[in-house]
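Trainee: Sequence first, then the predicted structure:
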Amino acid sequence: MYLNNHTYYSLRYGTFNEKELLALALENGVKTIVLTDINNTSACLNFIRLCIQSNLPAVIGIDFRNEHQQLYVGIAKNNDGFQELNTYLSYHLEHKIPFPDHAPVFENAFIIYPFHKVLELEKTRFCESEFIGISVAALRKLPFTAYIKLKDSLVVMQTVTFRTKKDFNAHRLLRCVDLNILLSQLPESQQGSFEDKMLPVSELKRAFEEYPFILDNTAKLLAQCCIYFDFENAQLNANQHIYSTSKEADYHQLKTLAYDGIENRYTDKENKTDVFERIEKELGVVKKKGFVTYFLINWRICEYARSKGYFYIGRGSGANSILAYLLQITEVDPIELDLYFERFINDYRTSPPDFDIDFSWDDREDITRFIFKEFDNVSLLATYNTFQYRAVIRELGKVFGLPREDIDILTTGNFDPERLDQMQELVLKYSHLIKDMPNYTSIHAGGILITEKPIHYYSATSLPPKGYRTVQFDMHIAEDAGIHKFDILAQRGLGKIRDAIEIVKYNQPDAPIANVHRDVKKFMKDPKINSMISQAKCIGCFYIESPAMRMLLSKLATNDYIGLVAASSVIRPGVAQSGMMREFILRTRYPEKRKEAHPIMQGIMPETYGIMVYQEDVIKVAHYYAKLDLAEADVLRRGMSGKYRSREEFQKVEQKYFQNCIDLGHDPEQTKEIWNQIKSFAGYAFAKGHSASYAVESYQSLYLKCYFPLEYMVATLNNGGGFYSPELYVHEARMCGATIEAPCINHSNIATIIEGKGIYLGYSYLKELEKKTMIRIIETRHLDGVYTSLDDFINRVFISIEQLSILIRINAFRFTGMDRYELLWQAHYKLEKTPQKYIQNKLFVPEYRAATLPQLHTTSQELAYEQIELLGFPLCSHFDLLVEPPTNNNNLNDIKAHNKKMILIYGYVVTIKTTHTAKGKRMQFGTFLDCKGHFFDTVMFPPVAAKISFRGSGIYKIYGKVVEEFDFYSIEIHDMQKADYIQDPRYAENNPQTMQRLNKQADLKDQRMGNSNGHNR
């Protein structure tokens, strides 16, 4: 009887979820409930799934509104009707056009006009599928209108948006947040009615007892509605079924591609029996499970990428497949690493395989465009951005009109609850209610759906700024419906590798350079590269440059590929939190410690000395230790990710794990310990193939960093850096032998470039320099040659005095030999405030009268502060800017010499990591550069962290104890002070240069004002 019901997916309008809607319906005796969110279908598929579980008929539709003014409600008769409604909604959302007052006629959907809208439109003609919705409130007017005669067109439509007054209040607050207004400003037209609540069915029937035909019409309408999606089939696959012409043709193509790939991947002449057996095994499973098309679609995407010269890397558990390796989807040889195909696909696994393919950050856009063009039914996947508690407090504080100071206090939580006023209490009360509700839909980081049926069969779509059709549900709902995403992701590491190769070609055209794809195995055996890993000299290299990874590599003394693969997974939080990271280091460094491993665990995982490191290890332990079958073991592994932990199937597997261990006679304490190890890290651990894929990319970047360090650092700077700030990569380039140059009008481009060993920072590092100015400088220089003077530049480049000043301040005209301050005055004298625009070269080049200036001289310290202001960092050492020089020159070597002793050392802070102990006490880790530019690390334990803290960027005077663990040295800070920098000399009152310039300013302005000879532009 309820044909218009909202959940909180009626964004910033509804107040409860679809599960709560069903509970509300059952509580009120409603047998058939209709979900009709406002211009949204996000909850529809999950609502149907929940209805099926509860043995209730599922009916869905859409409440069509313009600016929250209700027009009509569409209700799907069947799946085709849902598709019709989705297509109609999507057209208007994608084109951002309002809905018409009159709905089109749908073949498989009903349209219900609310009574007030029928009156407004004076609508008199209704087709067979159109009805008039009568609410309890509308019954008061109905008898007094001609519409009472249209007995066959009247149905009950009591809108449900709220359960209680609290819901209604939350709704009003959400509307204010949506409209960005105060609560007192909220018009009635922009909110629902408090009467939009669900009444018990008996009460609703009593309200309509004088109009039984309305109740009959409503029941007949609902009886005609039946929508169904298969959520029970564990093998459900709604992805595109056929790639070419038939399933047989697809299988033949996959098999051909696999065998053709052998020559490319396995060039050695050794026996390939293992390869052939593995291919046939995988082909059999892939065909049986119906995943042939999935492989071919991924292959086609990668083939296109290779044709365009795009760098990519296939990772995730897909790297466990030899088919993926032979089809060049991944770069990891699963036979060499003994990767377990069953982690990727097995007879028991219910979900399709999952390839994660990374492309360079600036290539992914074209890959996405290609996928939408190549395949028929494509869309991006959505994700829900939810209201976070502190953000809600801030939003509601504004709605209630609280002062900013009060809002700040509430968001920090530093207040006395007893001293809160009524408004503040309301803010906190409703913040708790609204938090975690969906705020708006966004785009999943890389998920793309390619379905067999049209996308609108499942969902309406919108067109976000990216310009690609996007569904309205998230990945969890997609998986439940059997729609499994293709992960097309982006990262900057691949861009570094790609660009570094191109930079080498132009900067060292005669240098031999390896094929970073084909020669990876050679890199893995290169002692120079492996030495870099063991010494943690990996700044700028993919995934292995962070302080934590640098520490781990040093402690493990990792010097080979297998060790790097393990390190890539050991670094994950789960392994570290379980205490297994330290144990892994011990067993790696000291072989005698390996004897302490439990014989069963050692037998299951000999490569990692009986320690769970990879996701596959969870499956192995559950299978071999607890004797769960592979299907149950995989459910266990997936359940540890969090999403499935509450699901019934996971809970059953957990019970079976413990029961099996009892039946097998395992020690109960050991059983519990192993379970806790699984639980503590399984949700964070990597698949081994995923770690191996990361390690391949690490080796590719290590090769370039090892043999072409300057070019690689330029590529790093041009691809957005990495873990650290650009300043650190500029420093690293200098440590590798580069000469760092500030932007220059005759050498620089928008991006950073290299000439020999000279690295010229790009114009893009000048924060306030406009893109159009950069382009003009470069294009003019390219067409007419280098600039010879300031006058030459002014004549050739259309530029404002503000933009020119930025270039002069950064010393981009240093080739002239003139001081920056003199150039600035000359520029102001010669260039008008707003230059005349011209579209062609001047026939006559004007001569400029030079200003008479005293001798001016820029100091290195003044230039450093200009660089800090314009670039964000100086090109000199920060140590050169201290008020007082350091009292010693202690550096990394001295730290090692002071093991277990106290040391005083100065360091420029690179990065700070704040964490908390199990008891919630703050502690901090810091990474610094010493006076010679080398890294050293510190730790500040809670007692010290409670007394002192970091005060932003700069140089710190550190006093502490040197500690060593597994040859990795760090300092436990006892005391720390920030060293003072000199006052900015550009604005220092006692600076004679400053006073001289200020005194001259008025004279120069007088000269310029009096210059009326036509020489100024």
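Mentor: Thanks, I have it.
Trainee: Counting neighbours, what do you get for residue 376?
Mentor: 12 (other CB atoms under 10 Å). For the C-beta atoms, the positions are set from N, CA and C on the backbone; glycine is no exception.
Trainee: Is it in a helix, a strand, or coil?
Mentor: coil (DSSP: H, G, I helix; E, B strand; the rest coil).
Trainee: quick one: it from residue 226, how far?
Mentor: 27 Å (CB to CB, to the nearest Å).
Trainee: how close does residue 749 sit to residue 866?
Mentor: From residue 749 to residue 866 the distance is 21 Å (CB to CB).
Trainee: So between the two, which is more surrounded?
Mentor: Neighbours were counted for residue 749 and for residue 866 using other CB under 10 Å; residue 866 has more, 21 against 17.
Trainee: ok, and the closest non-adjacent residue to that one?
Mentor: residue 809 (5.0 Å; CB to CB, 6 or more residues apart in numbering).
Trainee: Now do that neighbour, the pLDDT please.
Mentor: Looking at residue 809, its pLDDT reads 95.
Trainee: Now for it: which residues touch it?
Mentor: Contact analysis of residue 809 by CB atoms under 8 Å, 6 or more residues apart in numbering lists 820, 824, 866, 870.
Trainee: what do you get for residue 724?
Mentor: Contacts of residue 724 (CB under 8 Å, 6+ apart): 539, 545, 910-911.
Trainee: out of the residues you listed, which are buried?
Mentor: Neighbour-count burial (16 or more other CB atoms under 10 Å) applied to the contacts of residue 724 gives 539, 545, 910.
Trainee: Name the nearest of those residues relative to residue 74.
Mentor: Closest approach between the buried ones among the contacts of residue 724 and residue 74, by CB to CB: residue 545, at 53.9 Å.
Trainee: Quick check: pLDDT value at that closest one.
Mentor: pLDDT at residue 545 comes out at 94.
Trainee: got it, and residue 266?
Mentor: 87.
Trainee: Start the count at 461 instead of 1 going forward.
Mentor: I'll keep to 461 as the first residue from here, and by that count the last item is residue 726.
Trainee: Quick check: phi and psi on it?
Mentor: phi -120, psi 80 (degrees, to the nearest 10).
Trainee: any idea how far it is from residue 1328?
Mentor: Residue 726 is 55 Å from residue 1328, by CB to CB.
Trainee: Identify the residues contacting residue 1193.
Mentor: By CB under 8 Å, 6+ apart, the neighbours of residue 1193 are 1169-1170, 1173-1174, 1177, 1200, 1219.
Trainee: Please repeat the previous calculation with a cut-off of 7 Å.
Mentor: Taking CB atoms under 7 Å, 6 or more residues apart in numbering, we find residue 1193 in contact with 1170, 1173, 1200, 1219.
Trainee: now swap in residue 1352 and tell me
Mentor: Residue 1352 neighbours (CB under 7 Å, 6+ apart): 1390, 1394, 1396.
Trainee: Buried subset of the residues you listed, written for PyMOL?
Mentor: Only the buried entries of the contacts of residue 1352 go into this PyMOL selection, using 16+ other CB under 10 Å:
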select buried, resi 1390+1396
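Trainee: CSV please, covering the contacts of residue 1352 and showing pLDDT.
Mentor: As requested, the contacts of residue 1352 are exported to CSV (pLDDT from 0 to 100):
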residue, pLDDT
1390, 96
1394, 96
1396, 97
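Trainee: Narrow the contacts of residue 1184 to those in strands?
Mentor: 1370-1371 (DSSP state E).
Trainee: Redo the contacts of residue 1184 as a markdown table? Include distance to residue 1348.
Mentor: Below are these laid out as a markdown table (distance: CB to CB, whole Å):
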| residue | distance to residue 1348 |
| --- | --- |
| 999 | 26 |
| 1005 | 29 |
| 1370 | 20 |
| 1371 | 24 |
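Trainee: for the contacts of residue 1184, which one is nearest residue 954?
Mentor: Using CB to CB, the contacts of residue 1184 come closest to residue 954 at residue 1005, 15.2 Å.
Trainee: just checking, the closest one touches residue 1189?
Mentor: No. Contact criterion CB atoms under 7 Å: residue 1005 and residue 1189 do not qualify, at 9.9 Å.
Trainee: about what we covered before: what would the contacts of residue 1193 look like in a markdown table with secondary structure and distance to residue 736?
Mentor: Shown next, in a markdown table, are the contacts of residue 1193 (DSSP: H, G, I helix; E, B strand; the rest coil; distance: CB to CB, whole Å):
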| residue | secondary structure | distance to residue 736 |
| --- | --- | --- |
| 1170 | helix | 45 |
| 1173 | helix | 44 |
| 1200 | strand | 54 |
| 1219 | strand | 50 |
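Trainee: ok, and the most crowded of those residues?
Mentor: residue 1173 (29 neighbours).
Trainee: residue contacts, that one?
Mentor: Counted by CB under 7 Å, 6+ apart, residue 1173 has contacts 1000, 1189, 1192-1193, 1196.
Trainee: let's go with 10 Å and repeat that
Mentor: 956, 960, 963, 999-1000, 1164-1165, 1189-1196, 1198, 1212, 1214, 1219 (CB atoms under 10 Å, 6 or more residues apart in numbering).
Trainee: Chain neighbours aside, what residue packs nearest to it?
Mentor: residue 1193 (3.9 Å).
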